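Chemist: Dropping a prediction and its sequence here:
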Amino acid sequence: MDSLRIIDTVGPFAVGNGKHILNWSKNPFGNLEQKDSLDKKKCKEVLTSFDDYLQKVTTLGYNAITIDDLPHLIIHDFYTTPLKKLLSEYQRLYKQLFAIANKYNLKIYVNVDYMYYNNDIDNHTNGKYKQIEKLFFATVEHALQQYPEITGINIRIGESDAKDIQDNFISRLTLKTPKQVNRFLKGVLPLFEKHKKTLIFRTWTVGVYKIGDLMWNKKTFDTIFSSIKSENLVISMKYGDTDFLRYLSLNPLFFRGKHKKIVEFQTKREWEGMGLYPSFVGWDYEQYLKQLRTNKQFIGISVWCQTGGWTWSSWKNLTFLENSSFWNELNTYVTVKIYSEKISVAKAIAGFCKEKRIQDSKAFIQLLKHSEIAIKNGLYIKEFASKAVYFRRLRIPPLTWIVWDKILVNPLTKSFLLHTVKDRERAIKEGFIAIDAINQMLALGIHMRLDKSIIHSLEFELETFTILAQVRKVLFSSLSEEEKATIKRQIATYEKKYPEHYTASISVWKQKIRRTRKATIALYLTLRSKMTYRIIDRISLLITPIQKYFIKQYVKRVAPFLSSQAMGIDVLFK
């Protein structure tokens, strides 16, 4: 198999989507629909944007795409007449999309969750697993026969559609144990072998059910893959053992087994501003790729330049398209260049500067070095981010107090950080190190006469990170009433100036800066620093219904959006 350089295609489908809150986890299919038909004008916009987008990413060196989503391609006999009519229109649209991809000689991998549902499917399968599996296999078979343009299918089994997704097909987690996944793969792979197509299987899981530790647990990994031998299987893994964040070592599972593997990178950094300000990944990704090049099973990269996260509509920048982010374009350019051309980050940046007519690439590199300092100090609390902390089947992400466009300072967040961060003065100081780095970036940007939009993004970053530095004081120090009032005014001024950007949800102004004995015991019992499950963890996994009830009630009170966005935090207790 040739080296894979895959990029996602959510952006072209989001053109003109004016929703107030945007979910970037999946194509906004509802935006294209008018009752039981597709909006012809919007479909034309998608086709035009798709062509423009593919032309640009092909020029950069990408040779494959992922595209949502398999159930929209296939019509089953038991579907209702209106759904059949709608899907027949989707089929015509996808034929045109695939023709455009073929024009650019791009491989096509269709995304799908195992398993997707609607009322028709629920009634047809009656909740019986064998019927569900039979339906999925039939869908795959039909797709590989009906669309010879498809190179393969990209399957996710460890995360489902979010609670706010509105679509004709909504996925739910269906595979719950490693043995179930192993049987599933052994059942579906012969279809790919028969049609000489590729199954890309994503190991991304979010701690739910027994399969939830696939991201990092070698026993789970081996149970699934060790007995499977197929040239048509490619395992796709995020670079670390949690989501797309910093301070992560390369996942050692890349070097386990003899299956072909690709690494997933994210260039629209969903946890780091989504392209509103610089969040350069070049040096981090260069280190991961250096390690992976020693692995004979490593065959490529899968880049998410648009997919991931929830934000206000004001954060809508479509990479290489509408209101494109300069910083997302930089990450997406550098990532493919350092992989495909095996050049240094410095040379890749110089190439980008040449394309963007930035004269002084050395000064721009210096700006990006300050950017890395700002991100790693301003967003992350280094003492915690540098540790591996596990909760149940989940590796807790290195960034916990900022979730997409929300700054969370509630009793849960504060107790957790007070438990895991001992040098609180250092944690506060890091915020101001970030501010200093951004000031240096601004000075360089002005000196280089960078575009006004770039300077504006740096100014926005400075104001945002100034607020973040002040919030650290709320987390880690005892404040006087005057200091609290000052910080409240600063936050109010920021939120008034940027009403649809970061919001600071602070509910612990009166909480003392100390670890209570009760909180310390609770966190000791639930958190661990090693992958290996302790006896207390195994007991905890046996009493999940009780835990689920209490955590659900607590989260509703202190951070209600965590119950409604994504799959909801309560799913961790399944």
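Modeler: Sure, I can see it. Numbers count the residues shown, from 1 in each chain.

Chemist: what sits against the residue lying closest to residue 534 once chain neighbours are set aside?
Modeler: Excluding its sequence neighbours, the residue lying closest to residue 534 (Cβ to Cβ, 6 or more residues apart in numbering) is residue 528, at 5.9 Å. Yep, even glycine has a C-beta here, placed from its N, CA and C like the rest. Residue 528 makes contacts with 389, 390, 391, 534, 537, as judged by Cβ atoms under 8 Å, 6 or more residues apart in numbering.

Chemist: at 7 Å what do you get?
Modeler: 390, 534, 537 (Cβ atoms under 7 Å, 6 or more residues apart in numbering).

Chemist: Could you turn the buried ones of the residues you listed into a ChimeraX selection?
Modeler: Buried residues among the contacts of residue 528 (16 or more other Cβ atoms under 10 Å), as a ChimeraX selection:
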select :390,537
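
Chemist: Export the contacts of residue 528 as TSV, with columns for pLDDT and secondary structure.
Modeler: Putting the contacts of residue 528 into TSV (pLDDT from 0 to 100; DSSP: H, G, I helix; E, B strand; the rest coil) gives the following:
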residue	pLDDT	secondary structure
390	93	strand
534	87	coil
537	82	helix
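
Chemist: Arrange the contacts of residue 528 in JSON lines, one row each, with distance to residue 217 as further columns.
Modeler: Listed next are these as JSON lines, based on distance: Cβ to Cβ, whole Å:
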{"residue": "390", "distance to residue 217": "10"}
{"residue": "534", "distance to residue 217": "14"}
{"residue": "537", "distance to residue 217": "12"}
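
Chemist: Show me which of the contacts of residue 528 is closest to residue 203.
Modeler: Residue 203 has its nearest neighbour among these in residue 390, at 16.7 Å by Cβ to Cβ.

Chemist: Please tell me how far the closest one sits from residue 175.
Modeler: Distance, residue 390 to residue 175, using Cβ to Cβ, to the nearest Å: 22 Å.

Chemist: On the three-state scheme, residue 7 is what?
Modeler: Put simply, residue 7 is strand when judged by DSSP: H, G, I helix; E, B strand; the rest coil.

Chemist: Enumerate every residue touching it.
Modeler: Here residue 7 is in contact with 57, 62, 65, 303, 305 (Cβ under 7 Å, 6+ apart).

Chemist: Please name the bridge partners of it.
Modeler: Taking DSSP bridges, one finds residue 65, residue 303 as the beta-bridge partners of residue 7.

Chemist: let's number from 252 now, not from 1
Modeler: Right, with 252 as the first residue, what we last looked at is residue 258.

Chemist: do you know how far it is from residue 561?
Modeler: As judged by Cβ to Cβ, residue 258 and residue 561 stand 22 Å apart.

Chemist: Likewise for residue 681?
Modeler: From residue 681 over to residue 561 the distance is 26 Å, taken as Cβ to Cβ.

Chemist: Could you do residue 344 as well?
Modeler: Residue 344 sits 26 Å away from residue 561, going by Cβ to Cβ.

Chemist: what ranges of this structure fall below the confidence cut-off?
Modeler: Counting by pLDDT under 70, the chain shows low-confidence ranges at 252, 762-771, 794-825.

Chemist: Got the domain ranges for it?
Modeler: Per the record, the chain has its domains at 255-606, 612-782, 794-825, by automatic domain parsing.

Chemist: hey, which of the ones you listed is tucked in deepest?
Modeler: Most buried of the domains of the chain, by mean neighbour count (mean count of other Cβ atoms under 10 Å): domain 255-606, with a mean of 19.

Chemist: Touching, residue 415 and residue 276? I think so.
Modeler: No - judged on Cβ atoms under 7 Å, residue 415 makes no contact with residue 276 at a distance of 9.5 Å.

Chemist: circling back to that earlier point, which one among the contacts of residue 258 gets closest to residue 409?
Modeler: Of those, the one sitting nearest to residue 409 (Cβ to Cβ) turns out to be residue 554, at 19.7 Å.

Chemist: Can you verify my assumption that that closest one contacts residue 516?
Modeler: Yes - if you go by Cβ under 7 Å, residue 554 and residue 516 touch, sitting 5.2 Å apart.

Chemist: Quick check: neighbours shared by those two?
Modeler: Common contacts of residue 554 and residue 516 (Cβ under 7 Å, 6+ apart): residue 586.

Chemist: how near is the closest residue to residue 563 other than its chain neighbours to residue 703?
Modeler: Spatially, and ignoring its direct neighbours in sequence, residue 563 is nearest to residue 751 (3.8 Å; Cβ to Cβ, 6+ apart). Distance, residue 751 to residue 703, using Cβ to Cβ: 21 Å.
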